[in-house]
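S.K.: Here is the input, now give the coordinates:
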Amino acid sequence: MLVFEIREKILDNTAYDIYGTVITNTTYLMDKDVVVHSYAEFNVPDIVLVGSRVLENSGDVFVSGQIEVCDNCRLEIYNRGGFNASFKLGNNASVVQVVSETRDLNAIDFNVDYDILVVNADAINLSDVMHLGDAARKIYLRDSFVLWDVGDINSHNLSLDGDIRLGLDNIESVLNVPILMDVSPDTYVQVVSGGRINPLFAMKTFVENDNTYVKFIRETDYTKFLDYNLGTFINSLRADDGANGLVVALDNALSMDDINKIMADSVRIAPINMMYAVTAFNVFDMNDFNCENTFGASYMLFEDTAIYGAVLRGGINIGQMDAGLGIYANLLNATDSFEEYSGFMIGANLMGKYENDFGFLRGKVGGNMTRFDMANVFDGIESVDNPVGYSLYGAIDVGHNFRSTNDLSVAPYVGIGTNHIEILRDAETKYFGRIGTDVSYSFEMLGIKYDYGVRFGLVSNGDLIVGGRAHFMSDMDMIGGHVGIDCIDNKNGRGYKITAGIDLKF
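M.R.: Next comes the predicted model:
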């Protein structure tokens, strides 16, 4: 490999500055660097170097004779003007045309072996360099940014040194094929592209078997293409648990649309998703207006969520009015398709119903708090552990009870409701209209009262609710029981709730 040092071009007494016309018939001994400025002319028959020198030419005509390079000497030429000369090389002598700017790309008609050195260049087209050095022994690229604007080239006459950046627009055309050969392993080559690249991928340049390749690798530093806080949060998940299901899903995504969908579905990144299971529980609860004294249990299954627990309710009847107060506690197990999480819920509700010959009015309000067992949840700014969510819900209906017989009743109703959830920095409130019908059939046999019923409901947000129940009570023993099953179907899927309990009468 040719080793040389680029000398500083200092326009002072270390170099001869030529501004006008110099014409002589004598041999010129070049014992200093020479700078021929624009519109100048340096015309001599012979130049003999005294040591290694630099010729910087911006003039009209630079030498019409012969340049003799002494033994073991090197001549470096910056040609930005006219050049008309022949060369004579001594033993182990060399001549190099140096290119640092586009204006240095002026060809010289060399009659001897020569080399091209591109050094400290910025955005020079490689095709221009290759054309300039078409007859050169070697083209050296050192510490430069070169635009790779050529197709298949014979890169054997290229030598890279230092930090090299190659600019490619059509990066796909060179993926996984050698773009440079005979590259020293200690050379740093970076390929950059002016074309549009998927932000999820980064270009990696690597040398293998002395050949340079480019390939795309999946970018796993999420601060490079997401909000910094969010990207830092995802990076920290990998550091804590590289096998985390969410991180695996994100790393396998191939587009920003996929990334955004995964984040929207994740409870870690969008913690409001944790509360959707609570929302489903609330919808079931606001359709249960049983005011009996009850100790019971419930089990709810909704998509990938299970909620199960106990309820204690006390009720009172005064004439045409029923009222009840209930408290409940539940365990929650769920998954967001990426990972599992759990929670513990406590809540209470208050309900009342008034009925006369004209119709009925009923209402229910409730609220609960759920502590989720999950570490590393993103609150929009930073990571928190075991977040707590809150919800409030309620509904009020008006309707009329049609009794065709004393045993059968049909009670259509209309109403409104609300469901509010919040967790960390996220909150969501929905209001909706309700319409439906409760149908019941009751009778008494052997001192035991039986009551069977079904209900149908439709909510303006798309919920369809269907349920059935069976209840019995012994007036003599003042004890009874109930079982029920409800089904909800909406855009998020289908869920079921099963209830059973012991009822007491005071």
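S.K.: ok, and for the helix ranked longest in the chain, which residues are buried?
M.R.: Assignment by DSSP state H gives helix 228-240 as the longest helix of the chain. By 16 or more other C-beta atoms under 10 Å, the buried positions in helix 228-240 come out as 230, 232, 233, 234, 235, 237, 238. For the C-beta atoms, the positions are set from N, CA and C on the backbone; glycine is no exception.
S.K.: and which of the residues you listed is nearest residue 165?
M.R.: Distance to residue 165, by C-beta to C-beta, is smallest for residue 235 among the buried residues of helix 228-240, at 26.8 Å.
S.K.: Could you tell me how far the longest helix of the chain lies from the centre of the chain?
M.R.: 11 Å (C-alpha atoms, centre = their mean, to the nearest Å).
S.K.: next SSE after it?
M.R.: Of the helices and strands lying after helix 228-240 in sequence (DSSP states H and E), the nearest is helix 245-252.
S.K.: Buried residues in the helix or strand following that following helix, which are they?
M.R.: For helix 245-252, the following helix or strand on the C-terminal side (DSSP H and E) is helix 256-265. Neighbour-count burial for helix 256-265 flags 259, 262, 263 (criterion: 16+ other C-beta under 10 Å).
S.K.: shaky segments in this structure?
M.R.: 1-14, 63-64, 149-156, 169-188, 193-198, 210, 242-243, 405, 506 (pLDDT under 70).
S.K.: Could you chop it up by domain?
M.R.: Domains of the chain are assigned by automatic domain parsing as 15-218, 223-265, 274-504.
S.K.: What is the neighbour count of residue 241?
M.R.: Using other C-beta atoms under 10 Å, the number of residues around residue 241 comes to 14.
S.K.: Return the residues in contact with the nearest residue to it once chain neighbours are set aside.
M.R.: Distances taken as C-beta to C-beta, 6 or more residues apart in numbering put residue 247 closest to residue 241, at 7.5 Å, once the chain neighbours are dropped. With C-beta atoms under 8 Å, 6 or more residues apart in numbering as the criterion, the residues that contact residue 247 are 234, 237, 238, 241.
S.K.: likewise residue 166?
M.R.: Residue 166 is in contact with 126, 146, 147, 148, 179, 189, 190, 191, 192, 205, counting by C-beta under 8 Å, 6+ apart.
S.K.: Mind giving me the packing neighbours of the longest strand anywhere in the chain?
M.R.: Secondary structure of the chain per DSSP state E: the longest strand is strand 426-445. Using 3 or more C-beta pairs under 8 Å, 6 or more residues apart in numbering; DSSP states H and E, the elements in contact with strand 426-445 are strand 408-423, strand 448-459.
S.K.: Would you mind giving the ones you listed as CSV with distance to residue 87 and mean neighbour count added?
M.R.: Shown next, in CSV, are those (distance: least, C-beta to C-beta, whole Å; neighbours: other C-beta atoms under 10 Å):
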stretch, distance to residue 87, mean neighbour count
strand 408-423, 80, 18
strand 448-459, 92, 17
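S.K.: looking at these, which is closest to residue 56?
M.R.: Closest to residue 56 of the helices and strands packed on strand 426-445, according to C-beta to C-beta: strand 408-423, at 70.3 Å.
S.K.: Now do the strands in the stretch 101-250 of the chain.
M.R.: Using DSSP state E, counting those that start in this stretch, the strands of the stretch 101-250 of the chain run over residues 115-119, 122-125, 138-147, 158-168, 188-193, 201-208, 211-218.
S.K.: Great, nothing more from me.
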